[in-house]
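Novice: got a sequence here, can you build the structure:
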Amino acid sequence: MFECNCCGCCCRNLSKSKLYADLDRGDGTCKYLTDNLCSIYEERPLLCRVDECYELFFKDSISIAEYYKLNMDMCKKLKETEG
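Specialist: You can find the predicted model right below:
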């Protein structure tokens, strides 16, 4: 399972990907982010579910370890831009 530290950084940077346009409240932040936590976590969209996205879209082309590393690398980059 992908280890998220719940910092909310990815949810504050939706404008960096058009995939998340429907979730953007207009300033790059997810309209469901409240106090750095997802207010619809149990019902969050598939795009926000790292492990399920892997199983549905990436498992035939990349290992789970590589996929997690790519996600973690992007997480670190987003944190650096906010830093």
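
Novice: burial count for the nearest residue to D27 once chain neighbours are set aside?
Specialist: Ranked by Cβ to Cβ, 6 or more residues apart in numbering and with sequence neighbours excluded, the top spatial neighbour of D27 is S15, at 7.9 Å. Placement of C-beta: from N, CA and C, glycine included. Residues lying near S15 (other Cβ atoms under 10 Å) number 13.

Novice: please apply the same query to K77.
Specialist: K77 has 12 nearby residues by other Cβ under 10 Å.

Novice: what pLDDT does it get?
Specialist: At K77, the pLDDT value in this model is 93.

Novice: that one: what's it in contact with?
Specialist: Under the criterion of Cβ atoms under 8 Å, 6 or more residues apart in numbering, the contact list for K77 is empty.

Novice: doesn't it fall inside a strand?
Specialist: No - using DSSP: H, G, I helix; E, B strand; the rest coil, the assignment for K77 is helix, not a strand.

Novice: for Y32, give me phi and psi.
Specialist: Here is the backbone geometry of Y32 (degrees, to the nearest 10): phi -100, psi 0.

Novice: spell out the secondary structure type for the residue lying farthest from the centre of the chain.
Specialist: Most distant from the centre of the chain: D60, at 20.7 Å, with distances by Cα atoms, centre = their mean. At D60, secondary structure determined by three-state DSSP is coil.

Novice: same question, C7
Specialist: Assignment for C7 (three-state DSSP): coil.

Novice: test my guess that it contacts N36.
Specialist: Yes - contact criterion Cβ atoms under 8 Å: C7 and N36 qualify, at 6.4 Å.

Novice: sorry, back to before: roughly how far apart are the residue farthest from the centre of the chain and Y54?
Specialist: Distance, D60 to Y54, by Cβ to Cβ, to the nearest Å: 10 Å.
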